[in-house]
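Asker: Return a 3D structure for these sequence lines:
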Amino acid sequence: MSRIHATAIVDSKAQLASDVEVGPYSVIGPHVQIGAGSKIGSHTVIEGHTTLGIGNTIAHFAAIGGAPQDMKYRGEPTRLQIGDRNTIREFTTIHTGTAQDDGITQLGNDNWIMAYVHIAHDCKIGNNTIFSSNAQIAGHVHVHDWAIMGGMSGVHQFVRIGQHAMLGGASALVQDIPPFVIAAGDKASPHGINVEGLKRRGFSPETIAALRQAYKVLYKDGLSFEEAKVAIQKMVQESSSDAATAQKLTEFHDFIAASTRGIIR
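Answerer: From the prediction side, this is the model:
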């Protein structure tokens, strides 16, 4: 039987695995599913069409699965999907999607979400990300695997943050951050490749050197955006003998080529 505190309110239609823990005064709505090994702190609300995978930990006073803060929302049964082994700390808010997008807000696996974070409607969060306290992202933002969001940072709607990128504390981001790049500032600007993070994650010296060169081509060589894309594509072709490096350069190139808001420059 689920370990539910006597003061918690869990709707009879909610689906909780047998070992789920629910703390005092928490409220679980009728369309919620919570996987095995998950722990819900006290005074937390989980509502909406929300699914949590296994092994998630949600701290006290979080608000998960609430209606999107979008004036176009008309009560459509949009969803929030949360994967496995995520830690979501105090006072975090994560909202369901909207019909204007695909209707789903997604949080992947093994993410570390600190206190007072806001993840708005239709956001797509990958795996192994870190959101420091008070990081706030608007609707439709995509945050790729291993990205790090600094404390008190704010992100404009529809922005993309590439894999292994890092956004500094108290930064305001209004355009895309390419993969592997560090950005910071009250209007965030690029500050090099996330070298230390890449070393910790096992990137080879050769791959890191190639990414640093791609960054130089994009930001330091005085090329136009279109010229830089061509030059980086040439780097991909020239690195074909090193599969790992070629893959990361391809990811760098394809991300910037697909940007619709533009990248930080």
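Asker: Just the pLDDT for the residue lying closest to Asp102 once chain neighbours are set aside.
Answerer: In this structure, Asp102 finds its nearest non-sequential neighbour in Asp122, 7.3 Å apart by C-beta to C-beta, 6 or more residues apart in numbering. For glycine as for every other residue, the C-beta is placed from the backbone atoms N, C-alpha and C. pLDDT, Asp122: 98.
Asker: could you pull out the helices for this protein?
Answerer: Applying DSSP state H to the chain gives helices spanning 195-200, 205-219, 225-238, 243-257.
Asker: Throw those into JSON lines and include mean pLDDT, mean neighbour count and distance to His43, thanks.
Answerer: Shown next, in JSON lines, are the helices of the chain (pLDDT from 0 to 100; neighbours: other C-beta atoms under 10 Å; distance: least, C-beta to C-beta, whole Å):
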{"stretch": "helix 195-200", "mean pLDDT": "98", "mean neighbour count": "14", "distance to His43": "35"}
{"stretch": "helix 205-219", "mean pLDDT": "98", "mean neighbour count": "18", "distance to His43": "44"}
{"stretch": "helix 225-238", "mean pLDDT": "98", "mean neighbour count": "15", "distance to His43": "48"}
{"stretch": "helix 243-257", "mean pLDDT": "98", "mean neighbour count": "19", "distance to His43": "40"}
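Asker: can those go into a markdown table with extra columns for distance to Ile82?
Answerer: Below are the helices of the chain laid out as a markdown table (distance: least, C-beta to C-beta, whole Å):
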| stretch | distance to Ile82 |
| --- | --- |
| helix 195-200 | 24 |
| helix 205-219 | 31 |
| helix 225-238 | 35 |
| helix 243-257 | 25 |
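Asker: Select, out of those helices, the one closest to Ala188.
Answerer: helix 205-219 (13.4 Å; C-beta to C-beta).
Asker: Tell me what angle that closest one forms with helix 225-238.
Answerer: Per axes from the mean of the first three to the mean of the last three C-alpha atoms, to 10 degrees, the angle that helix 205-219 makes with helix 225-238 is 160 degrees.
Asker: next one: helix 205-219 to chain centre, how far?
Answerer: Remark: helix 205-219 is offset 24 Å from the chain centroid, using C-alpha atoms, centre = their mean, to the nearest Å.
Asker: what domains does the record give for the protein?
Answerer: According to automatic domain parsing, the chain comprises the domains 3-193, 198-257.
Asker: show me what contacts the closest residue in space to Asn127 that isn't next to it in sequence?
Answerer: Spatially, and ignoring its direct neighbours in sequence, Asn127 is nearest to Gly108 (4.1 Å; C-beta to C-beta, 6+ apart). Gly108 makes contact with Gly83, Ile125, Gly126, Asn127, Thr129, Asp145, according to C-beta atoms under 8 Å, 6 or more residues apart in numbering.
Asker: same thing but at 6 Å, please
Answerer: Residues in contact with Gly108 (C-beta atoms under 6 Å, 6 or more residues apart in numbering) are Gly83, Ile125, Gly126, Asn127.
Asker: what does Val45 give?
Answerer: Val27, Ala63.
Asker: can you do 10 Å?
Answerer: By C-beta atoms under 10 Å, 6 or more residues apart in numbering, the contact set of Val45 is 9, 25-29, 61-66, 93.
Asker: Lys248 versus that one, what's the distance?
Answerer: To Lys248, Val45 is 41 Å away according to C-beta to C-beta, to the nearest Å.
Asker: Now do the same contact list for the residue nearest to Asp102.
Answerer: Neighbour list for Asp122: 68, 70, 78, 95-106, 138-142, 157-158 [criterion: C-beta under 10 Å, 6+ apart].
Asker: In ChimeraX, how would I select just the buried ones from those residues?
Answerer: Those of those that count as buried under 16 or more other C-beta atoms under 10 Å are selected in ChimeraX with:
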select :68,70,78,95,96,97,98,99,100,101,103,104,105,106,138,139,140,141,142,157,158
